[in-house]
Each structure stands twice: as C-alpha cells, then as structure tokens.
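Engineer: Turn this into a model:
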Amino acid sequence: MSNASSTPRPVHVIGGGLAGSEATWQIAQAGVPVILHEMRRDGPEQVRTDAHHTAGLAELVCSNSFRSDDWEFNAVGLLHAEMRALDSVIMTCGDANQVPAGGALAVDRIAFSDAVTARLEAHPLVTIVREEIAGIPPEEWDNVIVATGPLTSPALAEAILKATGEESLSFFDAIAPIIHTDSIDFDVAWRQSRYDKEGPSGDKAAYVNCPMDKAQYEAFIDALLDGPKADFKEWEDVPYFDGCLPIEVMAERGRETLRHGPMKPVGLTNQHNPTVKPYAIVQLRQDNALGTLFNMVGFQTKLKYGAQTDVFRMIPGLENAQFARLGGLHRNTFLNSPTLLDKQMRLKALPRLRFAGQVTGVEGYVESAAMGLLTGRLAAAQALGRDLATPPPETAMGALVEHITGGHMEGSKFQPMNINYGLLPPLEAPKVDEDGKRIHPKERGRAKKRLQSLRAIEALKAWRDAAA
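Structural biologist: Next comes the predicted model:
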C-alpha cells in the first residue's frame, strides 16, 4: 500500500449524472482518490432538480435507451464498443440491467441508477458528498471536473459566465437539421454562394442550393403547418427569438414569409437549368471542417423527429437525405467550447477546471458519458504526473473531442452534436469486399461505415495500450 506522501491529491467531480459518475469511476480505477459532489439528496432536506426524480447517481431523466448497440454500422454503437474497451461503469451497468429493445441498448432505469450508485459507493477511493457547489470551486481544488449537464445550477452558471465572458454559455439551443454530404443529390442541388460572393476562405460556392418550383413550395408549406410539433417540457420555458424562429412559426406568419426569409431565391442560378428561376431555394452550409456535414440554413424547428424526416425529404435534392442530427429548440446550457476549452477539455481561463458531459456541447446519454470517461482519465493522469493525449480523431471518442474543441466550421455558431460518422475522418467507400467481390453501389455507404468502425476500434485500443 502507498504511504500518505505518495498518495495523489484528490480530484473533485461536480455532478453525479452520467458524465460525472463515469469520470469518478475512471479516476478511482486509476488509483487516484476522487470526491464526487452531487446536489441531489434524500432525507429531511431532500433536494431535486426540475427534471430529476431521485437522488440516485446516473439517473436517466428522459429515455431509457442508449440507442443502437451495433458497433459495425452505427456510430453510437461504435462509441459503446470504445467505452467497453475502456472499462466504462456506465456500459457495464447498462449491459447488466438491459431490457428488450431490439438492436438498441435500453435499460431498467431504476436498476441501472442503483447499480452505478452502488459501485461508486463501494469503491474505496470514492467519497460522495451531497452538496451544491455554488460558484467557482475553491482555489485549493487544483484538479476539478465540472459535469453539471443541461441543468447547471444558476449560481455555478453565473460564475462560469463571469470567468469566461457573458456570451460563452448558451441557455437555449436553436438547432437546424444537419445532413451527411454524401446523401445529397447533386444532380438536383448545386454549389454556389449568393451573388457568387467570396467568403473568408475565398470560396464562391460555399453553399449547397436545393431549388423549388411554386407547387413544391406550396406543398412544403402545407406539410410544415400540418406537421406535429414537439411540446416544451414544463421546466424549459423556452422563448422564441426573432433571429432564430422555428421555420413553422415563420410559415404561420404568412405563406410567403419563408420565401422572403431563409428560402429566398435571389442571387442564385440553377446550374442544372439556368433559364428557369426557382420559386424558392433551400440552402445548406458546410458544418464541419471535414466537409462531411452540411446544416440547413435557417431551419430551426420544433417539428417532431419523424415529421422532420418526412417533410425535409420533400425538398428537391434531399429525397434520400441522411440526417446526422435533427432540429430542435430547447433549454440546453452549454459552453462555447471551441473558444473556451483546450484539447485537454480544460477551461483556458481557469485550467484547473475541466468540463465533461452535455455542458461541453455533446448530446445524448452515451456521448455525455464518453466525455466523462475521457476527462476522468485526463484528470487522473494529471494527478499522477503523467502526460495523456486525447484519443485520435479516427476514434468516435476522439472525433467528439475534435468537434468540441474546434472541428466545426470556423466562424459558424457552435452547436451540440450527437456522435455520427460525419465527425470521423472520411474514407473512400470500398468497391469490393474482403474477398474481392464487387459491392453493389447501394451497399457501399454501409461498407464504408464498417471500415470506419474497424479503423476506430484499432486506433482506440492502440491509444489505450500506449497509455497503460
């Protein structure tokens, strides 16, 4: 057993959700003492948040699904596999408490939370303190992970704002759908900027344009108005801002509103049919530095997810669109991470603070937990006086870090993202399989995903073994 003088100083983790619980586990498993601070508690002075019903660690507040578990052909399943390879407590407890859900990993939410709580409570290097950390943590805490999620307490959020600048936290998330570039039909769509105006990079064709005639536009407006809308949760109290109105709200103000707003057809010539002026045009703008993702300009929406897929595939050129993420408008406290965080997930203004989970700009249970896993390993390495780089971008985990710390297009507004293959460095779609047999063109996209997954698993294991 180590003597007291060789024991590393404890790491403090703020927040006992999925990210905080995973970070705590990883730190303790590395042999570093960790103090987990969670504001929710039972007893006479019971404390909850607006969304939580229990004081259990890693409580699932929405769905009980961790989504697809297919590591070969689904990016979320790939992230599952990477986390399992890194001794994830979230995946271990998820696997042990799963319920039938086809190809997805879904869990008994109470049993899952109880299992995570029990594991952390039983770990000899973990101390759980039921308290709120109001404001910036004490200066003597020199290694801290903030994993407070979308319901960051007002006191802590205000302190972060003061430390980083008043525009560095977003409290309302107005998101337009994002589409995989290789699913756009460029026999219909074309690249061009309005009036061929050069952007900062000198590109006169920075946008993808999808034309509509009058009949297509009218049918699209009808579908927007008739489509089912998602309701806000009671605690969200989400306002509309004129700068980011949902497209269906704009359509409700008049059938021509969108045609004079984000769908205006001016300054553009259809390269496939230059003599015909489109009645309306939907524009897509490059969303990541790799050029694998494009977002729909001005298409913030509260349409339900199923309706979004149906309605947006009515747009010429997007009939076969594959969505990396769908649109939404909801409360979501997150950092402008590309500006504020370094590659070690540390706050540049206060490097003793790392951030993990949804507050960093990832979305989804698994993505949040993955960032907790990574920051836990980074914090433990720091406590032990070791250098540890983040995983390479070929991995799902590394791709998320790249997105958080600057993989989006420079100059565009940073938005949270689920893991998807568009965040990983691209590969050419194979034309033949491992046996040299020709792959049908319709199956090549699927084959490419498998190659990306195989590359990711190999790179992740090499990173893990090098750090051991």
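
Engineer: Give me the distance between the nearest residue to Leu79 once chain neighbours are set aside and Ala459.
Structural biologist: Nearest residue to Leu79, sequence neighbours excluded (Cβ to Cβ, 6 or more residues apart in numbering): Ala396, at 4.3 Å. For glycine as for every other residue, the C-beta is placed from the backbone atoms N, C-alpha and C. Noted for Ala396: a distance of 10 Å to Ala459, by Cβ to Cβ, to the nearest Å.

Engineer: before we move on, what about Trp71?
Structural biologist: Distance from Trp71 to Ala459, by Cβ to Cβ: 14 Å.

Engineer: now do Ile221
Structural biologist: 46 Å.

Engineer: More neighbours: which of those two?
Structural biologist: Ile221 (22 against 19; other Cβ atoms under 10 Å).

Engineer: Report the separation between that one and Tyr279.
Structural biologist: Where Tyr279 is concerned, Ile221 sits at a distance of 11 Å (Cβ to Cβ).

Engineer: can you list the weak-confidence ranges in the stretch 201-350 of the chain?
Structural biologist: Along the stretch 201-350 of the chain, segments meeting pLDDT under 70 span 201-204, 231-244, 330-332.

Engineer: If we use 80, what do you get?
Structural biologist: Across the stretch 201-350 of the chain, the ranges flagged by pLDDT under 80 are 201-204, 206, 230-245, 287-289, 328-333.

Engineer: Now do the helices in it.
Structural biologist: 214-226, 247-252, 305-312, 337-340 (DSSP state H, counting those that start in this stretch).

Engineer: Any chance of a markdown table for the ones you listed, columns distance to Pro392?
Structural biologist: Conversion of the helices of the stretch 201-350 of the chain to a markdown table gives the following (distance: least, Cβ to Cβ, whole Å):
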| stretch | distance to Pro392 |
| --- | --- |
| helix 214-226 | 42 |
| helix 247-252 | 38 |
| helix 305-312 | 32 |
| helix 337-340 | 19 |
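
Engineer: top helix in the protein by residue count?
Structural biologist: helix 444-467 (DSSP state H).

Engineer: helices or strands up against it?
Structural biologist: Under the contact definition 3 or more Cβ pairs under 8 Å, 6 or more residues apart in numbering; DSSP states H and E, helix 444-467 sits against helix 75-85, helix 396-402.

Engineer: can I get those helices in TSV with mean pLDDT?
Structural biologist: Listed next are the helices and strands packed on helix 444-467 as TSV, based on pLDDT from 0 to 100:
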stretch	mean pLDDT
helix 75-85	97
helix 396-402	96
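
Engineer: Out of these, which gets nearest to Val107?
Structural biologist: helix 75-85 (12.3 Å; Cβ to Cβ).

Engineer: Mind giving me the packing neighbours of the closest one?
Structural biologist: strand 65-68, helix 89-96, helix 365-383, helix 396-402, helix 444-467.

Engineer: Go again with 10 Å.
Structural biologist: strand 65-68, helix 89-96, strand 104-107, helix 365-383, helix 396-402, helix 444-467 (3 or more Cβ pairs under 10 Å, 6 or more residues apart in numbering; DSSP states H and E).

Engineer: In the stretch 101-250 of the chain, mark out all the strands, start to finish.
Structural biologist: Using DSSP state E, counting those that start in this stretch, the strands of the stretch 101-250 of the chain run over 104-107, 126-130, 144-146, 169-175, 178-180, 190-191, 207-212.

Engineer: Including distance to Ala155, could these go into JSON lines?
Structural biologist: Output for the strands of the stretch 101-250 of the chain, formatted as JSON lines (distance: least, Cβ to Cβ, whole Å):
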{"stretch": "strand 104-107", "distance to Ala155": "32"}
{"stretch": "strand 126-130", "distance to Ala155": "17"}
{"stretch": "strand 144-146", "distance to Ala155": "13"}
{"stretch": "strand 169-175", "distance to Ala155": "13"}
{"stretch": "strand 178-180", "distance to Ala155": "33"}
{"stretch": "strand 190-191", "distance to Ala155": "48"}
{"stretch": "strand 207-212", "distance to Ala155": "42"}
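
Engineer: Pick the most buried one from the ones you listed.
Structural biologist: Greatest average neighbour count among these goes to strand 144-146 (a mean of 29), per mean count of other Cβ atoms under 10 Å.

Engineer: mean confidence score for that one?
Structural biologist: Across strand 144-146, pLDDT averages out at 96.

Engineer: quick revisit: run the chain-centre distance for the longest helix of the chain.
Structural biologist: Remark: helix 444-467 is offset 20 Å from the chain centroid, using Cα atoms, centre = their mean, to the nearest Å.

Engineer: got the angle between that helix and helix 365-383?
Structural biologist: Helix 444-467 runs at 20 degrees relative to helix 365-383, counting by axes from the mean of the first three to the mean of the last three Cα atoms, to 10 degrees.

Engineer: Report the buried residues of helix 444-467.
Structural biologist: 444-445, 447-449, 452-453, 455-457, 459-460, 463-464 (16 or more other Cβ atoms under 10 Å).

Engineer: same deal with stretch 322-334?
Structural biologist: Gln322, Phe323, Ala324, Arg325, Leu326, Gly327, Gly328, Leu329, Arg331, Asn332, Thr333, Phe334.

Engineer: tell me the contacts of Leu268?
Structural biologist: 190, 192-196, 207, 209, 211, 277-278, 281, 283 (Cβ atoms under 10 Å, 6 or more residues apart in numbering).

Engineer: Among the strands of the stretch 101-250 of the chain, which comes closest to Ala379?
Structural biologist: The closest of those to Ala379 is strand 144-146. By Cβ to Cβ, the value is 5.6 Å.

Engineer: Does the closest one pack against any helices or strands, and if so which?
Structural biologist: Secondary elements touching strand 144-146 (3+ Cβ pairs under 10 Å, 6+ apart): strand 11-14, helix 18-29, strand 34-38, strand 346-347, strand 350-355, helix 365-383.

Engineer: send the alpha carbons of the longest one over as CSV?
Structural biologist: It refers to helix 365-383. Extracted C-alpha coordinates of helix 365-383, given in CSV (Å, rounded to 0.1, in the frame of the first residue of the first chain):
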residue,chain,number,x,y,z
TYR,A,365,-26.5,9.8,-22.8
VAL,A,366,-23.7,7.9,-24.4
GLU,A,367,-21.8,10.9,-25.7
SER,A,368,-22.1,12.6,-22.3
ALA,A,369,-20.8,9.6,-20.5
ALA,A,370,-18.0,9.2,-23.1
MET,A,371,-16.8,12.7,-22.3
GLY,A,372,-16.9,11.9,-18.6
LEU,A,373,-14.8,8.8,-19.2
LEU,A,374,-12.2,10.8,-21.2
THR,A,375,-12.0,13.7,-18.7
GLY,A,376,-11.7,11.2,-15.8
ARG,A,377,-8.7,9.6,-17.5
LEU,A,378,-7.1,13.0,-18.3
ALA,A,379,-7.6,14.2,-14.7
ALA,A,380,-6.2,11.0,-13.2
ALA,A,381,-3.2,11.3,-15.5
GLN,A,382,-2.6,14.8,-14.3
ALA,A,383,-2.9,13.8,-10.7
